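Undergrad: sequence and predicted structure below; questions after.
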Amino acid sequence: MKFVSTRGQSPAVSFGAALTQGLAPDGGLYMPGQWPAMPLAAFDGVSSLPDVADVFLRPFVAGDAIAAEIANVTRDAFNFPAPLEPVTADGRLSVLELFHGPTAAFKDFGARFLAACIARIRAFDEKGRLRVGAKRPLNILVATSGDTGGAVAAAFHRRDGVIVSVLFPKGLVSPTQERQLTCWGDNVHSFRVSGSFDDCQRLVKDAFVDASLRARFELSSANSINLGRLLPQAVYYAATSLAVYRKHGVAPNFIIPSGNLGNSVACVWARKLGLPIGRIVLAHNANRTVPDFIESGEWRPRASVPTLASAMDVGTPSNMERLRALFPDMDSVRGAVSAASVTDDQIQARISADFRQYGKTWCPHTATAAEVYARMQPAERESARWIVVSTAHPAKFREIVEPLIGQRIEIPESLAKLFSRPVSAADLQPSLAALTAAMETTESKI
């Protein structure tokens, strides 16, 4: 299997090269050069997340040195559950809980898979032989609007030969999220960027296409622009859709909280490979770039606006490039996905209403998806099986959620541990020169 750039100006590369590079040299995002057929029979007798991941990912690593290790990688990465829990009494609505990993957010799946892969890729050469002698440290750049940075930091913390630089927008993440981003130390360095998430993301992209910077550092990315983040996210959609199809004989519909579109495109990829997935609905907050595009047909990126669902505060979603490469005209885009936008007031109202009605406690991001479901006509809701994707534990947003439900939220043990760790972060101006200077300082400490 080879992977090609969405912009078509870079040579095709192997799975390992695509992961290590993060972004293609032409600035594009890597996609499969060909799409493997994946009949449902390939999953016969397979149900656990690690086993589904093994089957699902094998075509993508075919011919790569890491193919022999993929079963070990999936066991490392998918060692916590993604349960599907009923919401309504009739079972027509369920919630897919993706927050049972070490940082209580769905990003744990992709981050842990990427870390497990990179550790093995760097340990062996292209022919699968153990490398002798040290390589330059791998500098992983990650822009985060909240959850990605914490997951990547946890996955790569204290891994030899890797330096992680986490860039997050100053004052635009929740207090719990900021603690997750800044409590690691060692090989993880956190930077408060004076700007928005889009400024952080722009810095990362600029770094990858700057020839002098790439010559100075060995760079990789851990955002959802990296193939190694997106592919494992497709796994839980594969496993969940298989479970529903086997039990009920229907393909479920998914409503996905969406920001940079990595999680959404992962679901689209799983469906393209043949998994039994019906409609895919993208739930956005007040950052309306994608809903406006699908409605008007005009792509108009804009500055992001801060919302209660901060991890989705993205005005220029990177993975739209992958979606448009897969569906080059508007009719095909509209046939693949639909999108809706939810305001902060509606997020708050939905958290309160669903706690009263269902006894469910949503984070603000999950509440966007739950609100989109609640808006549907009864006939639409009752004609299919719907799955709301829950992307983060509500304890990460206690200051927002607790006043709305009128009670305390129990903090998962993994999050509670963070509050005993010291924090450290440096302020950073949103310029490539400032980022370069910061990277030189951190690499000199290795």
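TA: In hand now; what should we look at?
Undergrad: what's the single longest strand in the chain?
TA: Assignment by DSSP state E gives strand 162-169 as the longest strand of the chain.
Undergrad: and the helix or strand just after that strand, how far out from the chain middle?
TA: Note on strand 162-169: by DSSP states H and E, the next helix or strand toward the C-terminus is helix 175-182. On the basis of Cα atoms, centre = their mean, to the nearest Å, helix 175-182 sits 17 Å off its chain's mean C-alpha point.
Undergrad: swap in stretch 336-355?
TA: Stretch 336-355 has its average C-alpha position 20 Å from the chain's average C-alpha position, going by Cα atoms, centre = their mean.
Undergrad: repeat for stretch 306-324
TA: Relative to the chain's own centre, stretch 306-324 is displaced by 11 Å; criterion: Cα atoms, centre = their mean.
Undergrad: could you give the mean pLDDT of that stretch?
TA: Mean per-residue pLDDT for stretch 306-324: 94.
Undergrad: how long is that stretch end to end?
TA: End-to-end distance of stretch 306-324: 26 Å, with Cα to Cα, to the nearest Å as the criterion.
Undergrad: hang on, the earlier thing: what angle do helix 175-182 and the longest strand of the chain make with each other?
TA: Here strand 162-169 runs at 150 degrees with respect to helix 175-182, directions being taken by axes from the mean of the first three to the mean of the last three Cα atoms, to 10 degrees.
Undergrad: quick one: contacts of strand 162-169?
TA: Strand 162-169 is contacted from outside by 118, 137-146, 149, 152-153, 156-157, 178, 181, 187-193, 195-197, 199-200, 203-204, 222, 428, 435, 438-439, 442-443, 446, using Cβ atoms under 8 Å, 6 or more residues apart in numbering. Bear in mind the C-beta positions are built from the backbone N, C-alpha and C, glycine included.
Undergrad: which strands border that strand, and is each parallel or antiparallel?
TA: Applying DSSP bridges, strand 162-169 is found paired with strand 138-143 (parallel), strand 188-193 (parallel).
Undergrad: immediately after the first one, which helix or strand?
TA: Under the assignment DSSP H and E, the closest C-terminal helix or strand after strand 138-143 is helix 147-156.
Undergrad: ok, now the last one?
TA: Under the assignment DSSP H and E, the closest C-terminal helix or strand after strand 188-193 is helix 197-209.
Undergrad: ok so, going back, least confident of the strands paired with strand 162-169, on average?
TA: strand 138-143 (a mean of 90).
Undergrad: which residues in the stretch 301-446 of the chain form strands?
TA: Applying DSSP state E, counting those that start in this stretch to the stretch 301-446 of the chain gives strands spanning 338-341, 386-390, 426-428.
Undergrad: alpha carbons of the longest one, as PDB, please.
TA: Translated: strand 386-390. Extracted C-alpha coordinates of strand 386-390, given in PDB (Å, rounded to 0.1, in the frame of the first residue of the first chain):
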ATOM      1  CA  TRP A 386     -28.800   6.700  15.700                       C
ATOM      2  CA  ILE A 387     -25.500   6.900  17.500                       C
ATOM      3  CA  VAL A 388     -24.400  10.100  19.200                       C
ATOM      4  CA  VAL A 389     -20.600  10.100  19.500                       C
ATOM      5  CA  SER A 390     -19.400  11.200  22.900                       C
END
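Undergrad: which elements pack onto it?
TA: Where contact means 3 or more Cβ pairs under 8 Å, 6 or more residues apart in numbering; DSSP states H and E, strand 386-390 is packed against strand 93-97, strand 253-257, helix 364-375.
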